[in-house]
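Enquirer: here is my input, please return the structure:
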Amino acid sequence: MRLGGWIVRVADSSSHSLQVDPSSASDSILFAALSSGQASFCHVDVRDTSQIIKVTEGADVVFYMERTDIDTHDFYNCYMIIVQGAKNVINSCQECKVRRLIYNSSADVVFDGSQDILIGDESFSCPGKFLDMLIDLKFQAEGLIRLANNIDGLVTCVLRPSNAFGPGDTWFVPLLVNLAKSGLGKVCELSQYHFTDNLVLQKLPDAIYHIITDGFSFQFITGSGENMSDFTYAENVAHAHICAAETLDSRIVSVAGKAFFITNLEPMMFWEFVSLILEGLGYQR
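Expert: Numbers count the residues shown, from 1 in each chain. Here you go, the predicted model:
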């Protein structure tokens, strides 16, 4: 029910008690919320419905955000966490009479890796195949969340952030930093995508992850290196979830049962973004 430590912004903007992860510095907003009793932390296994019910009782809105450190070599565990976990969250929300459920998915569900996506929006259909097992399972979870809309008093929607970065990021920027520290050069995927209408998306460079973990060393950019991209700042991710929760309660605009891409709306070349991040941290371009 969190995305790194970024749920802190949701906690800070809400007058209600939230269940969040206290893994943060003592001077953070989250620490202050935990100390004051505005927020509370509970460890929950989404494979166990009874545990979910305990933390959703009395809640008006649930922000469902999966773990990012799942072992991708264990299909059964991935399925139980992502797909069965979504089912359990839905059932728990319905049993506890939770009114709103927002699922944090990924922009990757519309990209199959074969070609760029240009000028896309929410009308863009998902591909017949997915980049990997996790994205496939996320799309299945999306379907469950959206199908649960307007059943037993529950309204739902799905958000698809693209390349989230910022305070609390424990994966994306740290991955780039590790790459810079290792002395490896830039490695770019040949096929990436961006949305330039209401939203701009970019395929996260999975190639970098595999290069680091598999121990290969590259010192060049594959392709032109000019693939356009956009990213989503952490606070924008949190703000989008707050807006979704508020709008689900509104009868003026209907977002229930729908999926929305979330980005900064600032397209730029992917490697320019990487260079700016690393330069800001003291590394050479």
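Enquirer: every contact and neighbour count from this point should use C-alpha atoms.
Expert: Fine.
Enquirer: name the surrounding residues that touch stretch 101-110.
Expert: With CA atoms under 8 Å, 6 or more residues apart in numbering as the contact definition, stretch 101-110 has outside contacts at 61-66, 90, 93, 124-127, 130-131, 135-136, 138-139, 142, 145, 154-162, 201-204, 241, 244-245, 261.
Enquirer: tell me the buried residues within those.
Expert: Buried members of these, scored by 16 or more other CA atoms under 10 Å, are 61-66, 90, 93, 130-131, 135-136, 138-139, 142, 145, 154-162, 201-204, 241, 244-245, 261.
Enquirer: narrow these to those in helices?
Expert: 90, 93, 135, 136, 138, 139, 142, 145, 241, 244, 245 (DSSP state H).
Enquirer: might you list the low-confidence residue ranges for the stretch 1-150 of the chain?
Expert: Residue ranges of the stretch 1-150 of the chain with pLDDT under 70: 1-30, 67-69, 116-120.
Enquirer: okay, helices next: where are they in the stretch 1-150 of the chain?
Expert: Using DSSP state H, counting those that start in this stretch, the helices of the stretch 1-150 of the chain run over residues 7-13, 29-36, 49-56, 75-79, 85-95, 133-147.
Enquirer: helices or strands up against the second one?
Expert: With contacts defined as 3 or more CA pairs under 8 Å, 6 or more residues apart in numbering; DSSP states H and E, the secondary structure elements packing on helix 29-36 are helix 7-13, strand 39-40.
Enquirer: elements contacting the shortest one?
Expert: Contact analysis of strand 39-40 by 3+ CA pairs under 8 Å, 6+ apart lists strand 18-19, helix 29-36 as its packing neighbours.
Enquirer: partner strands of that strand and their direction?
Expert: With DSSP bridges as the test, strand 39-40 is paired with strand 18-19 (parallel).
Enquirer: list the contacts for residue 161?
Expert: 104, 105, 106, 107, 232, 237, 261, 262, 263.
Enquirer: typed the wrong thing, it's residue 86
Expert: 46, 141, 144, 145.
Enquirer: which single one of those residues is nearest to residue 279?
Expert: residue 141 (37.8 Å; CA to CA).
Enquirer: how near is that closest one to residue 166?
Expert: Relative to residue 166, residue 141 is positioned 26 Å away (CA to CA, to the nearest Å).
Enquirer: more neighbours: which of those two?
Expert: residue 141 (23 against 15; other CA atoms under 10 Å).
Enquirer: looks like that one contacts residue 83 (just checking).
Expert: Yes: with contacts counted by CA atoms under 8 Å, residue 141 reaches residue 83, the gap being 5.0 Å.
Enquirer: what segments of the stretch 151-285 of the chain are strands?
Expert: Under the criterion DSSP state E, counting those that start in this stretch, the stretch 151-285 of the chain contains strands at 155-161, 164-165, 228-229, 232-233, 259-262, 268-269.
Enquirer: looking at the ones you listed, which has the lowest confidence?
Expert: Per-stretch mean pLDDT for these is lowest at strand 228-229 (a mean of 76).
Enquirer: who does that one touch, helix- and strand-wise?
Expert: Here strand 228-229 touches strand 268-269, going by 3+ CA pairs under 8 Å, 6+ apart.
Enquirer: can you list the strands that the strand it packs on pairs with?
Expert: strand 228-229 (antiparallel).
Enquirer: from the chain's centroid, how far away is the strand it pairs with?
Expert: In terms of CA atoms, centre = their mean, to the nearest Å, the centre of strand 228-229 is found 18 Å from the chain centre.
Enquirer: can you list the low-confidence ranges for the stretch 151-285 of the chain?
Expert: Counting by pLDDT under 70, the ranges of the stretch 151-285 of the chain that qualify are 183-225, 284-285.
Enquirer: of the contacts of residue 161, which is the nearest to residue 280?
Expert: Nearest to residue 280 among the contacts of residue 161, with distances taken as CA to CA, is residue 232, at 17.6 Å.
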